[in-house]
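1. Here is the input, now give the coordinates:
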Amino acid sequence: MKLGVIGAGGRMGRMLVQTITETDGATLAAACEQPGSPFLGLDAGELANVGNLGVTIGDDANAVFAACDTVMEFSVPAATIAHARMAAANGTAHVIGTTGLSADDEAVLHEVAAKTAIVYAPNMSVVVNLMFALVEKVSSLLGSDYDIEIVEMHHKHKIDAPSGTAVGLGQAAARGRQVDLNEVAQWSREGETGARRQGDIGFATLRGGDVVGEHTVMFAAPGERMEITHRCTDRQLFARGGVRAAMWAGDKPPGLYTMKDILGLDV
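-> Numbers count the residues shown, from 1 in each chain. Model (predicted):
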């Protein structure tokens, strides 16, 4: 399977390159960075400390899509949407780990998925995606008598809040209750907010230090509270999930897929 990496000079990009070299049946076919990057012209393998792979980091994203079966990306929303259109034009599968996409951005993904396979996941961790399924199931069983609060913490450099994973957990909880998250979400609280409205799904965001990622979903009722928690201590697990998704998507028909499809989860 010929795989490509967009943002190969970044932390996640280097981890993806490393993971590709450790994956049977996978080969790094192309890699790129944004114009002006100091990593342009370097060998992607040497930059990732896995030896010379003969793949020079360029600045032409479209060329990466043209050369690969699947292209992986953990970047920023505007770039991701532009690249998704390239994926559709080339008929190349696109694995997206970018967070912070808007509803309009997601609508574009639905549009381009009519032409190629798009895997979009707010978190590429296999265990986190099991957590999504578990939260959806628990939410459906407990109902609105249990208050749902989602607490997340990340390192101080993270630029979006709440995290894509926290939003994904909120969406899972909302699906379990068969409601629209946008109608029940309380993204933050400040001042005299009044009593908590039944059925709301609350969010709390913490930032500090070098925390890779921690997420807790609480189901609280009088006399008891259930908590489902995931703590990440190594970003490499996101790269492993991303490459697993890329290998899966390479020969799939057009469609918008999630890690749930890859793992065969059915809640």
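
2. Residues contacting stretch 39-49, please?
-> 5, 8-9, 13-15, 17-18, 21, 28, 31, 33, 51-59 (C-beta atoms under 8 Å, 6 or more residues apart in numbering). From N, CA and C alone the C-beta is placed, and that goes for glycine too.

3. run the last query once more with 6 Å
-> 8-9, 14, 17-18, 31, 33, 51-53, 55, 57, 59 (C-beta atoms under 6 Å, 6 or more residues apart in numbering).

4. for that stretch, which positions count as buried?
-> By 16 or more other C-beta atoms under 10 Å, the buried positions in stretch 39-49 come out as Phe39, Leu42, Asp43, Ala44, Gly45, Leu47, Ala48.

5. Would you map the strands across the chain?
-> 2-6, 27-32, 57-58, 70-73, 93-96, 117-120, 147-154, 185-186, 201-207, 213-221, 224-232, 255-257 (DSSP state E).

6. Give me the sheet partners of the last one and which way each runs.
-> With DSSP bridges as the criterion, the sheet partners recorded for strand 255-257 are strand 117-120 (parallel).

7. Compute the mean per-residue pLDDT across the strand it pairs with, please.
-> Per-region confidence: strand 117-120 scores 97 on mean pLDDT.

8. Please identify the buried residues of that strand?
-> Neighbour count says strand 117-120 has Ala117, Ile118, Val119, Tyr120 buried, by 16+ other C-beta under 10 Å.

9. quick one on the thing from earlier: out of the buried residues of stretch 39-49, which two sit at the greatest distance?
-> Pairwise distances across the buried residues of stretch 39-49 peak at 12.4 Å for Phe39 and Gly45 (criterion: C-beta to C-beta).

10. quick one on the thing from earlier: could you dump the buried residues of stretch 39-49 into JSON lines and include distance to Met226?
-> What follows is the buried residues of stretch 39-49, written out as JSON lines (distance: C-beta to C-beta, whole Å):
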{"residue": "Phe39", "distance to Met226": "46"}
{"residue": "Leu42", "distance to Met226": "49"}
{"residue": "Asp43", "distance to Met226": "50"}
{"residue": "Ala44", "distance to Met226": "45"}
{"residue": "Gly45", "distance to Met226": "46"}
{"residue": "Leu47", "distance to Met226": "44"}
{"residue": "Ala48", "distance to Met226": "41"}
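
11. No further questions, thank you.
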